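K.L.:
Generate a structure from the sequence data that follows.
(2 chains)
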Amino acid sequence: MKKSKRLWPILSLLLLALLALAGCAMPVAPAAPAGESTAPAAEEPVTIQVFYPVAVDAPIAQILNGYVDAFHAANPNITVEPVFSGGYGDVKTAIQTTIEGGGKPPALAVMLATDIYDLVNAGYIAPLDNFIAASDPAYIADFLPAYMANSTYDGQTWSIPFQRSAVVLYYNADLLKEAGLEPPTDWASWAAAAQALTVREGDNVTRWGIEFSSDWPYWLFQPLAIGAGQNIVGDDPAQVFFDTQAMRDALQFYIDLSQVYQATPPGVQANWGTGPADLASGQTAMIAHSTGSLSSILKQADFEVGVMPYPGREAGTFASVPGGGNLYILDGASDAEKAAAWKFIQFLTEPERVADFSIQTGYIPNRAAAFETQAWKDYVAATPQAQAAADALQYAQAEFTVENLGEVRTILHDYIHKAINGEMSVADAMAAAQADADAALEPFRQ
Amino acid sequence: MTAFARLQRRRVSPLPYLLILPTFVFVALFTIWPMLLASYQSLFLQRLNMARYRTPTFTGFQNYVELFNDDRFHQVMHNTLIFVAGTVPVSIVLAFLFAMLVNQALRGIGVARLFFFYPTILPLVSAATIWMFFFTPDYGIFNTTLRALGYTGPQNWTGNPNLALLAVMIVSVWKNAGYYMIFYLAGLQGMPVDVYEAAALDGASGWQMLWRITFPLLRRTTLFITTIAFIGAFQTVDHIFVLTQGGPAGASTVLLYYLWEQRFEFLNVGVASALTVVLIAVLLIFTLTNFLLSERKEDAHVG
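P.N.:
Modelled structure (predicted):
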């Protein structure tokens, strides 16, 4: 008895610890969604979370918080909680693990436009058609077609463009002028300019003609294929065009830039991160990069920066491809939360706000009306490169997305790497890429 | 002691069990349960990016069959083998050398210890970002150094299929050697001084002391370090995300990275679970072998 008496405090402590542990282990069950059975009254207060990534060198959190405050002032019934969640991959993983763990996902999230098929197939997101039908038809029609190209699937619209960018070619206009060159208008003049601008001292290259990252290649390579006449994706979400003359030519052009023209370093290049700084510091005369890097390049460069779409294979043709993130409404949210999320989407995509967001971040305005705002007009008057970046979009086609995206993209990347590193010929690599991709897509065609 | 007394004795001491209970609950919840879950899920076809396979369907060992027939899996196992065989011994040898170095009573030795330990406290992702610049072609520190030494061979570390795995291995060794050094340093500091004094009196050379005294006395430390280094080698993949993304063409994809790829990129839950089981099996076999071998040695030693 004596002994057990002494044990009691320890036992109760342990019990407490266990209870605390149980509290940690059990995911806090979401409060029963009250609004699901009965239609919620418009006046009922609702709180929504927004998961968003930071993918550019801009104070996104600060900017979004400002918008949220303005939204609260206009909509006192809705509370928006922005949740910074890392990069694009982190946002997707956070949502995936939340839903599969039985938790409640946020009502709204910013994820890659190309995630659409995976998100629909996994049942994570809700279609927006009812919301769109209930709003002004001019609203949805105002978004740039190149951006909307990655928003529809199965006859429905699933996302609204938000922080969008595009692939462009940046060049050092001063160096071009010095060499007596015009900005390139086709692959031949592009390669010739890159060759002419490469500077060697003995074996050492002190300036490359062009830096063109290829360690995660699909995005920068797509405009090459488009410029050769055939995008790598079409209307069928289970079809890819890897083994085409356009893609073979695109890949060969990239290899020739180093092998024939010796204007870019040989092999697979991992210079995405250093590219903008290399251009600004004169290590390279041109880079293939995202429009999202425009403001940081302009800040660093002490020369005139030129921005243009990729020249195409034939003279006078150009090409680009969009990128970046869209706004998705999650299916796990209640109807009231979805309605609130849609309201916030519309608020975020008001023309004035789109212009402001683009000016502050370097993203391209996602809708036509934003280009007509005074703020944007003043901005491009001072920074004509921003308008040039936006203009590249008229040559853009849909960004690469497909069913089973992760696997098919890995296949494409692997064979592009093998061709660049000389392990396979361009023709063999693209034929194998097509065969493997077709096999990976086969179950999705049934 | 009679059996009854023993039983009684056991009956009146629930305290030890109670004390390990929280640990046991934690281990059961976060280690054993996920392991069982993964083994179970590995028998099902479940692909989150396919509407009709979103709910799991039982397929027996189909995921394993698929995996063992997959070229990518063979490449991954090959890479993992090289990665582990290359990083574990090198980090341990370096850890020992560092420990010997900083175990001396010299002025400023604290700074040297911090210097070797520093990589351990840096988050691997940010460290990898710095290494990315070291590996940069043309003006990265690796290439400028090599060029100064007269080497003009391949400069592209992370994009070269023959060097990418080596590059991530170098970062791995750099990251871990200082951590393992701490254990050797602790071991060295706990060494009985009298044994060395006796050996010195008997005229043993420094080399003999190292081989006959230091190494045998550090054997348990080495066993421990080998085990955590081996497990660590399978777990350290953060820098691969930054440096190579497993490329080029999968040349630097190791087991855990591939598992992540299957689970979060390809959304293939079944195959990812099968890979988890493979990972657990490999770790279990190694840890048990290592433990049993060294325990047997211990017995032989005592006997």
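K.L.:
tell me which element the most centrally placed residue in chain A falls in.
P.N.:
The C-alpha lying nearest the average C-alpha coordinate of chain A belongs to A:Gly324 (Cα atoms, centre = their mean; 2.2 Å). Secondary structure assigned from DSSP states H and E places A:Gly324 in strand A:322-329.
K.L.:
In the stretch 101-250 of chain B, what residue spans correspond to helices?
P.N.:
Assigned helices in the stretch 101-250 of chain B, in chain order: B:109-121, B:124-134, B:141-148, B:164-189, B:193-201, B:206-209, B:215-217, B:219-235, B:238-243 (criterion: DSSP state H, counting those that start in this stretch).
K.L.:
The stretch 201-350 of chain A now?
P.N.:
Chain-ordered helices for the stretch 201-350 of chain A, with DSSP H, counting those that start in this stretch as the definition, fall at A:218-227, A:245-259, A:275-280, A:294-300, A:335-348.
K.L.:
shaky segments in the chain?
P.N.:
I went with chain A, as the question did not name one. For chain A, the stretches with pLDDT under 70 are A:1-43.
K.L.:
nope, chain B
P.N.:
Ranges of chain B meeting pLDDT under 70: B:1-12, B:153-154, B:296-303.
K.L.:
how about the residue nearest to the spatial centre of it, what does it touch?
P.N.:
Relative to the mean C-alpha position of chain B, the nearest C-alpha, by Cα atoms, centre = their mean, is the one of B:Gly232, at 1.9 Å. Residues touching B:Gly232, when contacts are defined by Cβ atoms under 8 Å, 6 or more residues apart in numbering or on different chains, comprise B:Asn176. For every residue, glycine as well, the C-beta is placed using N, CA and C.
K.L.:
Try it again at 10 Å.
P.N.:
Contacts for B:Gly232 were tallied using Cβ atoms under 10 Å, 6 or more residues apart in numbering or on different chains; they are B:84, B:87-88, B:91, B:172, B:175-176, B:179-180, B:225.
K.L.:
can you tell me which of those lies nearest to chain A?
P.N.:
Set against chain A, the nearest of the contacts of B:Gly232 by Cβ to the nearest Cβ is B:Ser172 (17.9 Å).
K.L.:
ok so, going back, among the helices of the stretch 201-350 of chain A, which comes closest to chain B?
P.N.:
Using Cβ to the nearest Cβ as the criterion, the shortest distance between chain B and the helices of the stretch 201-350 of chain A is 8.9 Å, found for helix A:275-280.
K.L.:
chain center to the closest one: distance?
P.N.:
Chain-centre distance of helix A:275-280: 21 Å, with Cα atoms, centre = their mean, to the nearest Å.
K.L.:
do stretch B:23-38 as well
P.N.:
Using Cα atoms, centre = their mean, the distance between the centre of stretch B:23-38 and that of its chain works out at 20 Å.
K.L.:
can you give me the strands in chain A?
P.N.:
Counting by DSSP state E, chain A forms strands over residues A:46-52, A:78-84, A:108-112, A:152-153, A:156-157, A:160-172, A:199-201, A:204-207, A:286-290, A:305-308, A:310-311, A:318-319, A:322-329, given from the N-terminal end onward.
K.L.:
Okay, angle between the second one and strand A:46-52 too, please.
P.N.:
Okay, so that is strand A:78-84. Orientation note: strand A:78-84 sits at an angle of 20 degrees relative to strand A:46-52 (axes from the mean of the first three to the mean of the last three Cα atoms, to 10 degrees).
K.L.:
how about strand A:78-84, does it reach chain B?
P.N.:
No. Strand A:78-84 lies apart from chain B when judged by Cβ under 10 Å from any Cβ of the partner chain; the minimum separation is 16.5 Å.
K.L.:
would you turn the contacts of B:Gly232 into TSV with neighbour count and distance to B:Asn290?
P.N.:
Compiled in TSV, the contacts of B:Gly232 are given as follows (neighbours: other Cβ atoms under 10 Å in any protein chain shown; distance: Cβ to Cβ, whole Å):
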residue	neighbour count	distance to B:Asn290
B:Val84	21	13
B:Thr87	25	16
B:Val88	21	11
B:Ser91	25	16
B:Ser172	26	20
B:Lys175	22	22
B:Asn176	26	17
B:Tyr179	19	19
B:Tyr180	27	15
B:Ile225	25	11
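K.L.:
can you tell me which two in these are farthest apart?
P.N.:
In these, the most distant members under the criterion Cβ to Cβ are B:Val84 and B:Tyr179, with 16.5 Å between them.
K.L.:
Next one: B:Met35 from B:Asn79, what distance?
P.N.:
Shown here: B:Met35 relative to B:Asn79, a distance of 24 Å by Cβ to Cβ, to the nearest Å.
K.L.:
quick one: B:Thr55 is in a strand?
P.N.:
No. Inclusion of B:Thr55 in a strand is not indicated when DSSP: H, G, I helix; E, B strand; the rest coil is applied; the result is coil.
K.L.:
these two touch, right, it and B:Phe44?
P.N.:
Yes. Applying Cβ atoms under 10 Å as the test, B:Thr55 and B:Phe44 come out as touching, 9.2 Å apart.
K.L.:
These two - which one has more neighbours?
P.N.:
Neighbours around B:Thr55 and B:Phe44, counted as other Cβ atoms under 10 Å in any protein chain shown, are more numerous at B:Phe44. The numbers are 19 against 9.
K.L.:
For stretch A:368-385, buried residues please.
P.N.:
Of all the residues in stretch A:368-385, those buried under the rule 16 or more other Cβ atoms under 10 Å in any protein chain shown are A:369-371, A:373, A:376, A:379-380, A:383, A:385.
K.L.:
Could you report the distance from the nearest residue to B:Ile231 once chain neighbours are set aside to B:Gly86?
P.N.:
Nearest-residue entry for B:Ile231: B:Leu283, 5.9 Å, with adjacent residues in sequence omitted and distances by Cβ to Cβ, 6 or more residues apart in numbering or on different chains. For B:Leu283, the distance to B:Gly86 (Cβ to Cβ) stands at 18 Å.
K.L.:
who's in contact with the residue nearest to B:Ile231?
P.N.:
So, once contact is read as Cβ under 10 Å, 6+ apart, B:Leu283 ends up touching B:227, B:230-231, B:234-235.
K.L.:
Convert stretch A:402-409 to CSV, retaining C-alpha atoms only.
P.N.:
Backbone C-alpha positions of stretch A:402-409 (Å, rounded to 0.1, in the frame of the first residue of the first chain) are rendered in CSV as follows:
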residue,chain,number,x,y,z
VAL,A,402,-0.6,16.2,-69.3
GLU,A,403,-2.2,13.4,-67.4
ASN,A,404,0.3,11.6,-65.1
LEU,A,405,2.4,14.8,-65.3
GLY,A,406,5.1,13.9,-62.8
GLU,A,407,6.1,10.7,-64.6
VAL,A,408,5.8,11.9,-68.2
ARG,A,409,7.8,15.1,-67.3
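K.L.:
quick revisit: kindly format the C-alpha coordinates of the strand holding A:Gly324 as PDB.
P.N.:
As requested, the backbone C-alpha atoms of strand A:322-329 are provided in PDB (Å, rounded to 0.1, in the frame of the first residue of the first chain):
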ATOM      1  CA  PRO A 322       3.400  30.800 -70.000                       C
ATOM      2  CA  GLY A 323       4.200  29.700 -66.500                       C
ATOM      3  CA  GLY A 324       3.300  30.400 -62.900                       C
ATOM      4  CA  GLY A 325       0.500  29.800 -60.500                       C
ATOM      5  CA  ASN A 326      -3.300  29.900 -60.500                       C
ATOM      6  CA  LEU A 327      -6.000  30.200 -57.800                       C
ATOM      7  CA  TYR A 328      -7.800  26.900 -57.000                       C
ATOM      8  CA  ILE A 329     -10.800  26.400 -54.800                       C
END
